[in-house]
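**Q** Give me a 3D structure for the following:
(one chain, ligands or ions: 1)
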Amino acid sequence: MLIKVINANATDSMTEIIGESARAVAGPGVTIDAVSNATGPLSIEGHEDEAMCLPGLLAEVRAGEAAGVDAYVIACFSDPGLLAAREIAAGPVVGIAEAAMRAAAYLGRGFSVITTLERSAPHTRHLAEVYGLERHCHGVHATGIAVLELETDPEAYEKMLAKSREALAADRSDVIVLGCAGMADLCRRLSADLGVPVVDGVAAATVMARSLVDLGLSTSKYGEFSPPPPKTAPV
Ligand code: 5HY
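**A** Below you'll find the predicted structure:
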């Protein structure tokens with residue numbers, strides 16, 4: 001089985017972290033093709049970045065279709081292009097925010113999302129509503145660490161640990177969701193230090209994508225997610 005994991009941004013070092021997380025859970029017989037979005041922004045930190053990442057991200061899905069990819073993971077916590085990718089792909093497409101939040105709902109009474117910049121928090125709350133998980137999402141907390149600083153700020157881990165402890169107490173939650181694909185490598189350490197489940201969306205989405213393929217299931221093409229009709233210019 002071939003799962004293509006698409007980092008919506010153009011930062012290769014983050015793609016490596018994402019690929020490692022996906023490979024760690026992929027299981028036997030699954031090949032992970034982790035790719036960067038060559039024409040996307042270096043990080044996705046707002047609506048304009050999200051819009052700008054879409055052409056490159058969807059081009060990767062189209063290339064995946066030509067290469068026989070079985071399923072896709074969109075590895076960016078705003079789940080950019082998720083619905084469009086579902087129109088293009090024959091196999092299932094799973095976004096890391098949706099997969100992480102759904103997984104977290106199995107694990108406790110309520111979860112807190114630990115995100116990067118404060119500006120990302122409202123969109124995460126919006127996604128929880130869209131996915132019908134707002135009752136489970138007890139809070140979204142920003143660390144103030146920009147996406148690319150996750151790799152360069154020597155205090156990034158300590159800041160995430162402190163913010164997670166604050167969130168668990170303030171939200172009366174019992175599960176932490178990592179709100180950025182670039183946090184994937186911190187998941188196990190954070191869970192050990194906090195003593196609660198910590199969900200990395202890259203891993204959750206990879207397992208979900210694999211499971212859907214194993215079940216022989218994919219996006220319905222019956223209605224909304226059928227390819228759009230061909231267009232001819234008016235004359
Ligand atoms: C992500 N941005 O997962 C999001 C997270 C964020 O480039 N990869 C990004 O902070 O909005």
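
**Q** and stretch 146-165, how far apart are its ends?
**A** Across stretch 146-165, the straight-line distance between its terminal residues is 20 Å, by Cα to Cα, to the nearest Å.

**Q** And the chain, what are its domain boundaries?
**A** Under the assignment automatic domain parsing, the domains of the chain span 2-95+203-214, 98-199.

**Q** so, in contact with the ligand or not, the last one?
**A** Yes. Domain 98-199 comes into contact with the ligand when judged by Cβ under 6 Å from any ligand atom, the residues involved being T115, T116, S120, V147, C180, A181, G182. Heads up, the C-betas are built off the backbone N, CA and C, glycines and all.

**Q** same question, the longest one
**A** Yes. Where contact is defined by Cβ under 6 Å from any ligand atom, part of domain 2-95+203-214 touches the ligand, namely N9, S43, I44, E45, C76, F77, S78.

**Q** My read is that the fourth one contacts E149, right?
**A** Okay, so that is E45. No. Counting by Cβ atoms under 8 Å, E45 sits too far from E149 to count as a contact (10.8 Å).

**Q** Okay, helices next: where are they in the chain?
**A** In order along the chain, the chain carries the following helices (DSSP state H): 12-26, 47-66, 82-88, 96-107, 121-130, 156-171, 187-194, 201-214.

**Q** need those in TSV with mean pLDDT, can you?
**A** Formatted as TSV, the helices of the chain follow (pLDDT from 0 to 100):
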stretch	mean pLDDT
helix 12-26	98
helix 47-66	98
helix 82-88	98
helix 96-107	98
helix 121-130	98
helix 156-171	98
helix 187-194	98
helix 201-214	98
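
**Q** Show me the one of those that comes nearest M1.
**A** helix 201-214 (5.6 Å; Cβ to Cβ).

**Q** If you count contacts, what does the closest one end up packed against?
**A** The elements that helix 201-214 packs onto, with contact taken as 3 or more Cβ pairs under 8 Å, 6 or more residues apart in numbering; DSSP states H and E, are strand 2-7, helix 12-26, strand 71-75, strand 93-95, helix 96-107.

**Q** tell me the most buried of the ones you listed?
**A** By mean neighbour count, with neighbours taken as mean count of other Cβ atoms under 10 Å, strand 71-75 ranks first of these at a mean of 30.

**Q** Can you tell me how far the most centrally placed residue in the chain is from the ligand?
**A** Nearest to the centroid of the C-alpha atoms of the chain, with distances taken as Cα atoms, centre = their mean, sits I96, at 2.3 Å. If you measure I96 against the ligand using Cβ to the nearest ligand atom, to the nearest Å, the figure is 7 Å.

**Q** swap in A203?
**A** Here the distance between A203 and the ligand works out to 13 Å (Cβ to the nearest ligand atom).

**Q** ditto for G144
**A** Between G144 and the ligand the distance, using Cβ to the nearest ligand atom, works out to 11 Å.
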